[in-house]
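[1] build me a model:
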Amino acid sequence: DSLRLNIDATNASDSEWFEDFGLGPEGTSISFLDRIASLTYLGERWRAILRAQNLQVIDDTIDPTQRPYTILPQLAVTGAWPEQPLGLTFGVDMEVGNFQHNFDRAPCELATGWRLDVAPEIRMPLRGRGIYLEPAASFRYTGYKLSESDTEDDSLSRSAPIYSVDGGMVFERLWGSKQQRLQTLEPRIMYLYVPYRDQSELPNFDTSLADLNLVQLFRTNRYVGADRLGDANQLSFGLTSRLLDADTGEEFLSATVGQ
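    Numbering: from 1, shown residues only. All right, here's what the predicted structure looks like:
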């Protein structure tokens, strides 16, 4: 009951298949085909994923140094322990993976090797009726053991603390001719501090800036992936309003503005 197996195996023998038969701009401009196998364990406190991933390159014009890495293997583990003494919550995220390329190249062009990423954290959720405040502190360490790179040192690392205070309120009112709707007003504010670290020597296996969206407003890292950690000394503010069915809680409309 705790195990999940997922296999997504795709292969195209003709690189122009999607140009000939794909539907719409998205269907005809596919550059990569994802091939992944993962085994997931779901426990009461732990979640572990063992994964292997390779992407078939459909667009042969993409420069080899811009193609995604093959990850074989990768192990990601997440643990959470809520409701500890003093109301604290403990958690940890860990990931180790081997990043390789499946094409011949000169050794100095692009780094390959192992990456270890560990991020323990502690939170103190303070909650009342319609209000919450959650200070948090974590420490993120990312280390590399490179087999090929253009740097003199094949063992690189980066570490930094992350501090945040997240708080918000929820106001509600009945609305409509029969008071059948519930409207909320939810202000939220978060302070984030991450010190600067020089990461110019670190490889970039799978990390990029995230797309602009509402989730980004309250994330502790503006990057997606472990290779880069964004420094920050900032205050984020957002205001959300929802329109719900007063009886069932079904959401009809949600709108958020923030900076």
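[2] so who does residue 96 touch?
    74, 75, 114, 115, 116, 117 (CB atoms under 8 Å, 6 or more residues apart in numbering). Where C-beta positions appear, they are placed from N, C-alpha and C, glycine not excepted.
[3] nearest spatial neighbour of the third one, skipping sequence neighbours?
    Looking back up the chat, that one is residue 114. residue 145 (4.5 Å; CB to CB, 6 or more residues apart in numbering).
[4] picking up where we left off before, want to throw the contacts of residue 96 into a markdown table with secondary structure?
    Compiled in a markdown table, these are given as follows (DSSP: H, G, I helix; E, B strand; the rest coil):
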| residue | secondary structure |
| --- | --- |
| 74 | strand |
| 75 | strand |
| 114 | strand |
| 115 | strand |
| 116 | strand |
| 117 | strand |
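[5] could you dump these into CSV with pLDDT added?
    Converted to CSV, those look like this (pLDDT from 0 to 100):
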residue, pLDDT
74, 96
75, 97
114, 95
115, 96
116, 97
117, 97
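[6] buried ones from those residues, can you make that a ChimeraX selection?
    Filtering the contacts of residue 96 down to the buried ones (16 or more other CB atoms under 10 Å) takes a single ChimeraX command:
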select :74,115,117
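[7] could you list the buried residues of the helix or strand containing residue 77?
    Assigned by DSSP states H and E, residue 77 belongs to strand 70-81. Neighbour counts using 16+ other CB under 10 Å place 70, 71, 74, 76, 77 of strand 70-81 among the buried residues.
[8] let me know the pLDDT of the closest residue to residue 130 other than its chain neighbours.
    Among residues not flanking residue 130 along the chain, residue 170 sits closest, at 4.8 Å (CB to CB, 6+ apart). On the pLDDT scale, residue 170 is placed at 96.
[9] and residue 170, how many residues sit next to it?
    15 (other CB atoms under 10 Å).
[10] what sits against it?
    Residue 170 neighbours (CB under 8 Å, 6+ apart): 130, 131, 184, 185, 186.
[11] what about these, which are in strands?
    131, 184, 185, 186 (DSSP state E).
[12] in ChimeraX, select just the buried ones from these.
    Of the ones in strands among the contacts of residue 170, the buried ones go into a single ChimeraX selection, burial set by 16+ other CB under 10 Å:
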select :184,186
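[13] export the helix-or-strand element of the chain with minimal mean pLDDT to CSV, keeping only CA atoms.
    When the helices and strands of the chain are scored by mean pLDDT, DSSP states H and E, helix 24-28 comes last with a mean of 75. Taking Å, rounded to 0.1, in the frame of the first residue of the first chain, the C-alpha atoms of helix 24-28 are listed here in CSV:
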residue,chain,number,x,y,z
GLY,A,24,-1.4,23.0,-32.9
PRO,A,25,1.8,25.0,-32.2
GLU,A,26,2.5,23.1,-29.0
GLY,A,27,2.1,19.7,-30.6
THR,A,28,4.4,20.5,-33.6
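[14] who does the helix or strand following it pair up with?
    Using DSSP H and E, the helix or strand that follows helix 24-28 towards the C-terminus is strand 32-42. Sheet pairing of strand 32-42 (DSSP bridges) gives strand 3-8 (antiparallel), strand 46-57 (antiparallel).
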